[in-house]
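**Q** The sequence and its predicted three-dimensional model are supplied below.
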Protein chains: 2
Amino acid sequence: MNYRSDIVFAAVADPTRRAILDQLARGPARVTDVAAPFAMSLNAISKHIKVLERAGLVRRTRRGREHTLALEPAPLREVVRWASKLEQFWTERLDRMEAFFAEKRKRS
Amino acid sequence: MNYRSDIVFAAVADPTRRAILDQLARGPARVTDVAAPFAMSLNAISKHIKVLERAGLVRRTRRGREHTLALEPAPLREVVRWASKLEQFWTERLDRMEAFFAEKRKRS
DNA sequence: CGGTAGTTCAACCTGACGGTTGAATATGGA
DNA sequence: TCCATATTCAACCGTCAGGTTGAACTACCG
């Protein structure tokens, strides 16, 4: 529906970006620190961070030459909402089916 | 972490595929029926369904020439788990900070 | 001032993804 | 048997995402 959740879902689809978010969940960090654990160039990480930023999942604060990144988990709520809604609809369906067959059994 | 959740996240990243899942949440349907609302070829939808199938999000049962598709929401649980874990870690961090400053305020 | 650290910008390459079209396969019905 | 329906397979194509490298920019420090 929302064009914005498209961006969030796409941002979160990449495993590297999910790992970055996992790391930022343990606290804010600079770009270089975020990049450290990964076996790829700093530039690649910089790009990933920009994607996360555009999705609203990361907030950047500049102090001098250092950029400090912080997790901004709000957009994840939409992801949770969508996924658990599907699960819920499904279980409700199962419940209705259950009820239907129970009723049928009782009548016969 | 899990290579399998990579597949699930990737499957769910595409808006068309999310729409397919939304539709299947209202009940099982044939491939043609699933494709009907979309302004793209049946082949494209067939491909999308295959992706969803490989991610374990859709189960297919063949009866004659018709393939009936059903939502299989189990893999979504991993998505929910990950996303809400991040949210939770974050709020816990905020709580700890809150507690820290409250303590500090009390002492001074 | 000069050098180095932190970060981005720009250009480029490659592979995969999402789509198309046309043919093949298999089942159902007259 | 013949035709239509339901679906996939195979080949192809354009775009874009993720990665690289090299240069630029800005801020700190001797």
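**A** Ah, there it is.
**Q** When you work out contacts or count neighbours from here on, use the C-alpha atoms and nothing else.
**A** Fine.
**Q** what are the ranges of the strands in chain A?
**A** Using DSSP state E, the strands of chain A run over A:29-30, A:58-63, A:66-71.
**Q** can you pull the buried residues of the second one?
**A** So the one you mean is strand A:58-63. A:58-60 (16 or more other C-alpha atoms under 10 Å in any protein chain shown).
**Q** of the residues you listed, closest to DNA strand C?
**A** Within the buried residues of strand A:58-63, the smallest distance to DNA strand C is 8.0 Å, found for A:R60 (C-alpha to the nearest atom of the strand).
**Q** Make CSV from the buried residues of strand A:58-63 and add distance to DNA strand C to it.
**A** Below are these laid out as CSV (distance: C-alpha to the nearest atom of the strand, whole Å):
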residue, distance to DNA strand C
A:V58, 11
A:R59, 11
A:R60, 8
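**Q** Go through these and name the one nearest B:R81.
**A** A:V58 (19.5 Å; C-alpha to C-alpha).
**Q** so who does the closest one touch?
**A** A:49, A:52, A:69-73 (C-alpha atoms under 8 Å, 6 or more residues apart in numbering or on different chains).
**Q** Make JSON lines from these and add distance to B:S41, neighbour count and pLDDT to it.
**A** Shown next, in JSON lines, are the contacts of A:V58 (distance: C-alpha to C-alpha, whole Å; neighbours: other C-alpha atoms under 10 Å in any protein chain shown; pLDDT from 0 to 100):
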{"residue": "A:I49", "distance to B:S41": "35", "neighbour count": "24", "pLDDT": "98"}
{"residue": "A:L52", "distance to B:S41": "32", "neighbour count": "24", "pLDDT": "98"}
{"residue": "A:L69", "distance to B:S41": "43", "neighbour count": "21", "pLDDT": "98"}
{"residue": "A:A70", "distance to B:S41": "42", "neighbour count": "21", "pLDDT": "97"}
{"residue": "A:L71", "distance to B:S41": "40", "neighbour count": "25", "pLDDT": "96"}
{"residue": "A:E72", "distance to B:S41": "38", "neighbour count": "21", "pLDDT": "95"}
{"residue": "A:P73", "distance to B:S41": "37", "neighbour count": "21", "pLDDT": "95"}
